[in-house]
Each structure stands twice: as C-alpha cells, then as structure tokens.
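Chemist: Compute the structure for the input listed below.
(one chain, ligands or ions: 1)
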Amino acid sequence: MNDIVKEESMESLWNMWFTELHHQRVGLSLKVSRVLYSEYSDFQRIDVIDTEQFGRALVLYGSIMITEKDEFVYHEMLSHVPLHVHPKPEKVLIIGGGDGGALREVTKHDGVQQATMVEIDKQVVEVCKQYFPKVGGFDHPKSRVVIDDGAAFVANTDEKFDVILADTSDPIGPAEVLFQKPFYQSVYDCLNDDGIFVPQSESPLYHQDSVTKIYRNLKSVFPIVRMYLAHIPTYPSALWSFAFCSKKYDPLEDFYPGRVVDMGFNYYNADIHCACFALPGYVKELVSS
Ligand code: SPD
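Modeler: Here you go, the predicted model:
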C-alpha cells in the first residue's frame, strides 16, 4: 500500500462526532476533524474542536458558545439592535462575552468611545485569543477587558453606561446569577436615564420555563421589555432570543432605518431590525405573563 492510499484509508476511518443535547431527546451532532483544546478552568470545562461544517467551535461545559461559521449572527444581533436604537451610545458594557465577538461588533460604531468587557473566566479569553484570533475585538483601542465577576462588577461600580449587553452562557453554573432579578436591578442602576440593556434570553422552543422566568424578572425591573429573535444554526432549536430592555426608547418607534450604516454586516440590516420583533403566537404567550 503506498502512502497516499494509506492516508486516505485512515481519513475514511476517522468518524468522530460531537453531540450537544439540546433537550432530553434532541441533539445537534457535528463531525469533528480535530480536538484542539480540552481543559478545566477554575469555572468550567473548556473545549475547542474543529468541525467539518462549522469550522472551529468553542464549547463550554459541553455547550457550543460559538462556531466560526455562525457566530456573526449572534454577535451582530446582540450588539447592533440596541446600538441602532440608542441615539448616542458612547459607553457600552458587555457582561461575559469572553470570546470578544461582541466587543468586535460594538467597537464598529464610531460614536462608541469605550467598550468594557467584564468576563469572569480569564482562561476563556486566553483560549479564544489563541484559537479564534479573528473573532475577538480585543486589540481595538476602544476595548477594555476586565477579568471579574460580572454580577459583582455591576453591583459595585460607580460608572454609568448607555448600553449594557449580557453575553452570557446558559443559566447554569457561573452564569446562573446573570438571569436573576438582583443582577437585572444592578444593571438598571448603572445605566444612564435613557439606557438600554440586552441579555441573550435562550431558546423559546427548548427553554420555555427559563424564558418565562427571565422575562418575568426583566419586567419587574425595566418599563420596556421586548423579545427579538434570530436564526442561529448551532444553538438549541436554531431559534434564539434576546431581550430588548429599556428605560426610555422603544425598539421600533425609536428606530430610524435611514441611520443604519453598513458596517460590513452579514445578518443585521434595517429590515431584519424591524422583522426580528415579530413573534410567533406560542412565543408571545411565553413572554406575556
Ligand atoms: N447554548 C448556547 C448559549 C450561548 C449564548 N452565549 C454565547 C456567547 C457567545 N459570545
């Protein structure tokens, strides 16, 4: 057998798959070409895998946080919806977001003077800088990275922000407190009087109990709370939600399509901005109480 034939046979024998269970009886399986990193940090298990369809994936505690191929949807929708409603977003805070994708999107706005990212797990930031060098906006002059507990940061800071994003993992483990009322109240308190807060708010199909609780908590703190949706292929049910929470601005009445400047978006645009707030009946019901 010559070397080429030998290599081809080895290739065809490689049949390694990563499966994330999205529900007790449903999962997403991706064919893996290489496992690049597997370690435990002080907070969680961190894996980086190379997948044949979605490129590299960052997996925390067994759950996909980003893949190279579809992270743009999540980060554009988390960042640009609020940043196109607030008329003058100068100071932006990102809670979590250790991969730096939200930092990359936020710093695209000329008016933003400083984007502060507060991530609890230093190891996530280091791993992402090494394995996802194109994702994170860490080196932008407006970026400031703080390694700290996001809940403690908002509870103790004297700083005020125009827009706050909660770019968290799921409400289990270290991120659990970031879905609860005391955290939402601290966020409210460190927003300016016309501030906007957007947390990711899970899958309206597979995480219905969590979604209902998250929106109840948010509505007990913010006068304006509106869910919006995006299609993210590698997240549970591929239908993901975000909560637009605001002290003053309405996400549609205070949105002016003419102000949208193309910053190289691949998902977000003025039509998507308006359309993403349209909710299916079963989702409306989830967030109506
Ligand atoms: N189940 C996956 C939820 C992940 C949401 N956050 C992703 C962080 C990407 N910056």
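Chemist: For the nearest residue to Glu71 once chain neighbours are set aside, grab the count of nearby residues.
Modeler: Spatial nearest neighbour of Glu71, excluding adjacent residues (CB to CB, 6 or more residues apart in numbering): Gly101 at 5.3 Å. C-betas here are computed from N, CA, C, even on glycine. Look at Gly101: counted by other CB atoms under 10 Å, it has 27 neighbours.
Chemist: Identify the residues contacting whatever helix or strand Phe197 lives in?
Modeler: Using DSSP states H and E, Phe197 falls within strand 191-199. Strand 191-199 is touched from outside by 78, 81-82, 85-86, 89, 160-166, 168, 178-179, 184, 187-188, 214, 218, 222, 242-249, with contacts defined as CB atoms under 8 Å, 6 or more residues apart in numbering.
Chemist: any idea how far Glu20 lies from Tyr206?
Modeler: 11 Å (CB to CB, to the nearest Å).
Chemist: Then Val135?
Modeler: Noted for Val135: a distance of 25 Å to Tyr206, by CB to CB.
Chemist: Which one's more surrounded, those two?
Modeler: Neighbour count, other CB under 10 Å: between Val135 and Tyr206, Val135 has more, with 21 against 16.
Chemist: Tell me the secondary structure at the more buried one.
Modeler: Here Val135 is recorded as coil under DSSP: H, G, I helix; E, B strand; the rest coil.
Chemist: ditto for Asp50
Modeler: What three-state DSSP gives for Asp50 is strand.
Chemist: Burial check on it, number of neighbours?
Modeler: 16.
Chemist: dump the residue contacts of it.
Modeler: Counting by CB under 8 Å, 6+ apart, Asp50 touches 32-36, 56-57.
Chemist: and the contacts of strand 191-199, which are buried?
Modeler: 78, 81-82, 85-86, 89, 161-166, 168, 178-179, 184, 187-188, 214, 218, 222, 242-246, 249 (16 or more other CB atoms under 10 Å).
Chemist: Is the strand holding Phe197 positioned near the ligand?
Modeler: No. For strand 191-199, no contact with the ligand is found by CB under 6 Å from any ligand atom; the gap never falls below 9.9 Å.
Chemist: List the strands paired with that strand, with their directions.
Modeler: strand 161-167 (parallel), strand 239-246 (antiparallel) (DSSP bridges).
Chemist: Quick check: the residue nearest to Glu71 vs the ligand, distance?
Modeler: To the ligand, Gly101 is 5 Å away according to CB to the nearest ligand atom, to the nearest Å.
Chemist: Setting the sequence-adjacent residues aside, check what's closest to Asp250.
Modeler: Ile224 (6.2 Å).
Chemist: Val154 too?
Modeler: Leaving out its chain neighbours, the residue that sits closest to Val154 by CB to CB, 6+ apart is Ser186, at 4.0 Å.
Chemist: May I have the residues that are in contact with that neighbour?
Modeler: Neighbours of Ser186 in contact, by CB under 8 Å, 6+ apart: 151, 154-155.
Chemist: out of those, which is most surrounded?
Modeler: Val154 (26 neighbours).
Chemist: mind listing what that residue touches?
Modeler: 93, 95, 164, 183, 186-187, 189-190.
Chemist: returning to what we had before: Val125: which of the strands paired with strand 191-199 is closest?
Modeler: Closest to Val125 of the strands paired with strand 191-199 is strand 161-167 (CB to CB; 12.6 Å).
Chemist: any residue of the closest one up close to the ligand?
Modeler: Yes. Strand 161-167 comes into contact with the ligand (CB under 6 Å from any ligand atom), by way of Asp167.
Chemist: Mind jotting down where the helices sit in this protein?
Modeler: In the chain, the segments counted as helices under DSSP state H are 3-13, 71-83, 101-106, 122-131, 150-156, 181-189, 208-219, 270-275, 281-286.
Chemist: Let's have those in JSON lines, adding mean pLDDT.
Modeler: JSON lines is the format used below for the helices of the chain (pLDDT from 0 to 100):
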{"stretch": "helix 3-13", "mean pLDDT": "61"}
{"stretch": "helix 71-83", "mean pLDDT": "98"}
{"stretch": "helix 101-106", "mean pLDDT": "98"}
{"stretch": "helix 122-131", "mean pLDDT": "98"}
{"stretch": "helix 150-156", "mean pLDDT": "97"}
{"stretch": "helix 181-189", "mean pLDDT": "98"}
{"stretch": "helix 208-219", "mean pLDDT": "96"}
{"stretch": "helix 270-275", "mean pLDDT": "98"}
{"stretch": "helix 281-286", "mean pLDDT": "96"}
